[in-house]
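> quick one: sequence plus predicted model below, questions after.
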Amino acid sequence: MEKANEKAYRLHLMVCAGTACVSNNSFGIKDALEKEINKQGLEDEVLVVTTGCNGFCERGPLLVVQPGNVFYQQLEEKDIPHLVEEHFLKGRPVKKLMYKPPKEKSPIPILSDINFFKKQVLIALRNRGLIDPEKIDEYIARDGYSALAKALTEMEPKQIINEVKDSGLRGRGGGGFPTGLKWEFVSKSSTNGQERYIVCNGDEGDPGAFMDRSILEADPHAVIEGMIIGAKAIGASKGFVYVRNEYPLAVSRLIKALEQARGYGLLGKDILGSGFDFDIKIVRGAGAFVCGEETALMASIEGRLGEPRPRPPYPAEKGLWDNPTCINNVETWANVPVIINRSADWYSNIGTKTSKGTKVFSLVGKINNTGLVEVPMGITLREIIEDIGGGIPDGKKFKAVQTGGPSGGCIPAKNIDLPIDYESLTEVGSMMGSGGMVVMDEDTCMVDVAKYFISFTQNESCGKCTPCREGTKAMYEILDRITKGEGKEEDIDLLEDLAKSIKDSALCGLGNTAPNPVLTTLKYFKDEYEIHIKEKKCPAHVCRELNTYTIDEKTCLDVGHGCDLCRKNCSANAISGETKTAHQVIQEKCIKCGVCYDVCRFDAVKVK
Amino acid sequence: MAKLTIDDLKKIKEKAKRRTELREGGDYRAKVTVHMGTCGIAAGARKIMNAFMDELEQSKSSDILLTNSGCAGLCSREPMATVELSGQAPIKYIDLTEQKTKEIFQKHVIGGNVVKKYALGKGSEKTDA
Amino acid sequence: MTQEIITEIIGKYEPDQSSLIAVLQDVQEHFGYLPKDALTDVSKELDVPLSRVLSLATFYSAFSLQPKGKHPVHVCMGTACHVRGAQPVLEAFERELGIKDGETSEDLEFSLDTVRCVGCCGLAPVVMVGEDVHGKISQSKVSRVTKKYKK
């Protein structure tokens, strides 16, 4: 911050001139101070200024002395001569005029003892909340770019690859392919004299997931450093970060970070004097979920339609412009510098047998503490939901958790003690995915959730292959009619058949996994489907076409005194009655929007 | 800017540490960090930043560092800010409003007293990295 | 006029096909949609067939061929928003504004669109009106939100 005054005073006396202090004679205090300061000949050393309200009005008039931050309170004019002589002339602050905080009854909790933080282990998020992401120096202050220095000067490319291989790091974008192994493939692919490329997949498309956005916003250099190390390992000279355009803050921070890294020569020619050249370009996505799929992403970087193509050949062999390309996602890259700094041994000590290190999840939905959590692999769902997440709001019952986005599935409450790793999640029919974790409670309808995800994949299907384009549409139509009370008994079998054939025949990962949300809800919550189909009811009252809203007239009149709020809010004029009379729902007019149920403060509106 | 060597990197590290870690004889006696990720901004972090800036300007202090950082992780309690005074554990404040911000600045940043009713906790998260 | 703007935008990028998406993004940002003239100009200047420009413009959801309202309303349909009631909120906006998802009001004041997750799941359900984020919204709060932007 700039100095406020050009003339250098030894002391600044800040007299509060807020309304409350003024009424407590703070101007009298100011005059008395100035008079006394002149008397002692201190006017060139001590400056008296007035400030706005201190917010501590009950202790006014207030005086703050800077530097030293001495806080005097409840001053009277008669105190001033003594104060000026003792403190400002002789340098002995007057204790009896200072504010003494009352004894604390209960101390402030230690952050790392708070359940939300206690079980988290921060590796990818190591700098969250600690550094200004727009200042490269602050990243460097926290060991930033020291792993790069080590990789460039002390390690051979092969050693870097081996270190990452030994760490057990696997792709954090969802696939879980061993990162070091991927690097090895790329480094061994023949280039025919062409370049190799590094790509960072930041096209975080799963709804309910924002891990990558948060890393790019909070710590962009972690990703950049990881990419440069990767480039050195595989011998690339050019890299691309593909970011969603819906993340303007991440894009702007990344642009700044790249400029600063370039300014320091951490990107460009002869990085850190090691002779190694590498630079990174940003490519903004244009709103197509399918571009999170690596072959579609590469097509989009090339300026083409973001449509996937069959693999093999994998990008490691034929990627961008048909050259060997190493694609990893944001979180994976952010882990790399730490592995190089702390060693593969250290990293592989965290986690389970097959899944090493930590995973970042975005914990959202029906949960008390929503947020971004980084936990060691192997932690149980219970620890995440109950301890870190603080349980379900309003005392509701936990029903399921959805992981893996539209490619994943719903894990029912009975599996709450499941330890989380790549394999265990796949075993229960879901997947790790990029890290979305949406918590659902008794008020969530699982048929509606299945319909939601299928409608999502249906909208985002690129249309190239028939199973995904037409198959998801057929599944959506079936689910839609079930939620409208028009389901048929054979629909469940039909859904299962469709799901299996889409899984087997779709072209890319998006299509192959699209049926997962339907399959897992059918597996664990078949009864909910059956109630929708047979009884034409939605137990969670989410499928509104199946709901009937009524008003309990006795409660409405006796408790709510006919408050009329429901009638005022009803956009369909489907409620009769007036203030101080009982209200009724006119069923033939009701559009079942449920607003009456939401606004009634007396629980008089019932839904069946 | 000249290209860095590995020695320069170490020098920058020391210099930046001196600036941000509020060490004895450092540049600042207090540091206020407003957590400004997308979620924080959506919840109103910019208003909080502006309120701190106004307070800082009015206080005419030159030894308070006001800065921003990314998301602190606990989205449901945004906007959040961290106040750290030299020699003391940082305090995280949650669910901030402009009014609370003013109070925190005056009582804690200027006055040295933690405003307990708005505080989530003290200290930092464990980072192993 | 359009031509000059297009030339300026294209000047920022490498003049080849790989810049096409970035160019269209800037055009979209400048005009609020992709005007027909602009697309023809882009096609000529980058020497890419118009059919290809159009295929990109219609494939990616960031692009719109229709003008949007002065106050574009985006209802987030991310999973967190969905389980916390985004659908009734969308329907309430449709009733309130008299337009359906994807449409623009006749006076060009409002347009209504759904978006994939905007990443503010902690505030779910979330609606964006222009740059303003409105969090923890419910269908009964919808008219209060739109009132702020009505003439």
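Looks like it arrived, so ask away.

> residue numbers of the stretch 101-250 of chain A in contact with chain C?
A:204-210, A:213, A:245-247 (C-beta under 8 Å from any C-beta of the partner chain). Just so you know, the C-beta spots here come from the backbone N, C-alpha and C atoms, and that holds for glycine as well.

> can you put those residues in CSV and add pLDDT, secondary structure and distance to C:D101?
Listed next are those as CSV, based on pLDDT from 0 to 100; DSSP: H, G, I helix; E, B strand; the rest coil; distance: C-beta to C-beta, whole Å:
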residue, pLDDT, secondary structure, distance to C:D101
A:E204, 90, coil, 23
A:G205, 86, coil, 20
A:D206, 88, coil, 21
A:P207, 87, coil, 16
A:G208, 85, coil, 20
A:A209, 89, coil, 23
A:F210, 91, coil, 23
A:R213, 92, helix, 25
A:N245, 85, coil, 21
A:E246, 84, coil, 18
A:Y247, 88, coil, 23
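
> and those, which two are furthest apart?
By the measure C-beta to C-beta, A:G208 and A:N245 form the most distant pair in these, at 19.0 Å.

> higher neighbour count, these two?
A:G208 (27 against 20; other C-beta atoms under 10 Å in any protein chain shown).

> for the closest residue to A:E460 other than its chain neighbours, give me its contacts.
Residue nearest to A:E460 in three dimensions, not counting chain neighbours: A:F289, with 3.7 Å by C-beta to C-beta, 6 or more residues apart in numbering or on different chains. Applying C-beta atoms under 8 Å, 6 or more residues apart in numbering or on different chains, we find A:F289 in contact with A:205, A:406, A:456, A:460, A:510, C:116.

> can we see that at 10 Å?
A:203, A:205-207, A:244, A:296, A:306, A:405-406, A:456-457, A:459-462, A:510, C:61, C:116 (C-beta atoms under 10 Å, 6 or more residues apart in numbering or on different chains).

> among the residues you listed, the buried ones, what's the PyMOL command?
In PyMOL, a selection of the buried entries from the contacts of A:F289 looks like this (16 or more other C-beta atoms under 10 Å in any protein chain shown):
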select buried, (chain A and resi 203+205+206+207+244+296+306+405+406+456+457+460+461+462+510) or (chain C and resi 61+116)
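
> what's the burial count for residue 9?
All of this is about chain A. 16.

> wait, I meant chain C there
22.

> tell me which entries of the contacts of A:F289 lie within helices.
Mapping the contacts of A:F289 onto helices (DSSP state H) picks out A:296, A:456-457, A:459-460, A:510.

> so can I have TSV of these showing distance to A:E134 and pLDDT?
As requested, the ones in helices among the contacts of A:F289 are arranged in TSV below (distance: C-beta to C-beta, whole Å; pLDDT from 0 to 100):
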residue	distance to A:E134	pLDDT
A:A296	31	95
A:F456	34	94
A:T457	37	94
A:N459	35	91
A:E460	33	91
A:L510	35	90
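
> taking those together, which two end up most distant?
Largest pairwise distance in those, by C-beta to C-beta, is 16.2 Å, between A:A296 and A:F456.

> could I get the phi/psi values of residue 25?
If you meant another chain, say so; for now it's chain A. phi 80, psi 40 (degrees, to the nearest 10).

> B:K116: which of the residues of the stretch 101-250 of chain A next to chain C is nearest?
Of these, the one sitting nearest to B:K116 (C-beta to C-beta) turns out to be A:F210, at 31.0 Å.

> so what's the closest one closest to, chain neighbours aside?
Spatial nearest neighbour of A:F210, excluding adjacent residues (C-beta to C-beta, 6+ apart): C:G119 at 3.7 Å.

> and residue 39, how many neighbours does it have?
Because you didn't say which chain, this covers chain A. A:K39: 12 neighbours (other C-beta under 10 Å).

> chain C is the one I meant
20.

> so how far is C:L46 from it?
Counting by C-beta to C-beta, to the nearest Å, the gap from C:L39 to C:L46 is 11 Å.

> shared neighbours of these two, anything?
C:6, C:53.

> quick check: C:L46 touching C:G11?
No - between C:L46 and C:G11 there is no contact under C-beta atoms under 10 Å: 11.6 Å.

> what about the helices in chain C?
C:2-11, C:20-31, C:36-46, C:50-59, C:79-83, C:86-97, C:142-149.

> and A:E58, what pLDDT?
In this prediction, A:E58 carries a pLDDT score of 65.

> the one 3 residues further on too?
The model reports A:P61 with a pLDDT of 78.

> least trustworthy helix or strand in chain C by mean pLDDT?
strand C:132-134 (a mean of 88; mean pLDDT, DSSP states H and E).

> and that one, does that touch chain A?
No - Strand C:132-134 stays clear of chain A (C-beta under 10 Å from any C-beta of the partner chain), getting no nearer than 12.0 Å.

> for that strand, buried residues please.
Counting neighbours by 16+ other C-beta under 10 Å, strand C:132-134 gives C:133-134 as buried.

> pull up the pairing partners for it, direction included.
Using DSSP bridges, the strands paired with strand C:132-134 in its sheet are strand C:127-129 (antiparallel).

> so how far is the strand it pairs with off the chain centroid?
Here strand C:127-129 is found 11 Å from its chain centre; the criterion is C-alpha atoms, centre = their mean, to the nearest Å.

> average pLDDT for that strand?
On average, strand C:127-129 scores 94.

> again, but for stretch B:17-30
75.

> now it, how far from the chain's geometric center?
Distance of stretch B:17-30 from the chain centroid (C-alpha atoms, centre = their mean) equals 13 Å.

> what is the end-to-end distance of it?
Stretch B:17-30 stretches 14 Å from its first residue to its last (C-alpha to C-alpha, to the nearest Å).

> buried ones in it?
B:17, B:19-20, B:22, B:26, B:28-30.

> can you tell me which of these are up against chain A?
Among the buried residues of stretch B:17-30, the ones lying near chain A by C-beta under 10 Å from any C-beta are B:17, B:19-20, B:28-30.

> between those residues, which is closest to chain C?
Of all those, B:T20 has the smallest distance to chain C: 27.2 Å, by C-beta to the nearest C-beta.

> is stretch C:68-78 up against chain A anywhere?
Yes - contact of stretch C:68-78 with chain A (C-beta under 10 Å from any C-beta) involves C:74, C:76-78.

> okay, how far is it across that stretch, tip to tip?
By C-alpha to C-alpha, one end of stretch C:68-78 lies 22 Å from the other end.

> which residues of chain B lie near chain C?
Within chain B, the positions lying close to chain C (C-beta under 10 Å from any C-beta) are B:37-44, B:71, B:74-78.

> and the pLDDT for the residue located most distally from the centre of chain C?
Most distant from the centre of chain C: C:D47, at 26.6 Å, with distances by C-alpha atoms, centre = their mean. For C:D47, the pLDDT comes out at 92.

> if I look at it, how far off is chain B?
Distance, C:D47 to chain B, using C-beta to the nearest C-beta, to the nearest Å: 38 Å.

> residues contacting that residue?
Here C:D47 is in contact with C:15-17 (C-beta under 10 Å, 6+ apart).

> same question for C:F59.
Neighbours of C:F59 in contact, by C-beta under 10 Å, 6+ apart: A:286-288, A:290, A:300, A:304-307, A:462-463, C:21.

> just give the nearest non-adjacent residue to the residue in chain B that chain C sits nearest to, would you?
At 2.6 Å from chain C, B:C75 is the closest residue in chain B, using C-beta to the nearest C-beta. Excluding its sequence neighbours, the residue lying closest to B:C75 (C-beta to C-beta, 6+ apart) is C:G122, at 2.6 Å.

> go on, A:Y452?
C:H82 (5.2 Å).

> give me the number of residues near the one you found?
26.

> was I right about it contacting A:F456?
Yes - between C:H82 and A:F456 there is a contact at 9.1 Å, judged by C-beta under 10 Å.

> any common contacting residues for these two?
Jointly contacting C:H82 and A:F456 under the rule C-beta under 10 Å, 6+ apart are A:P207.
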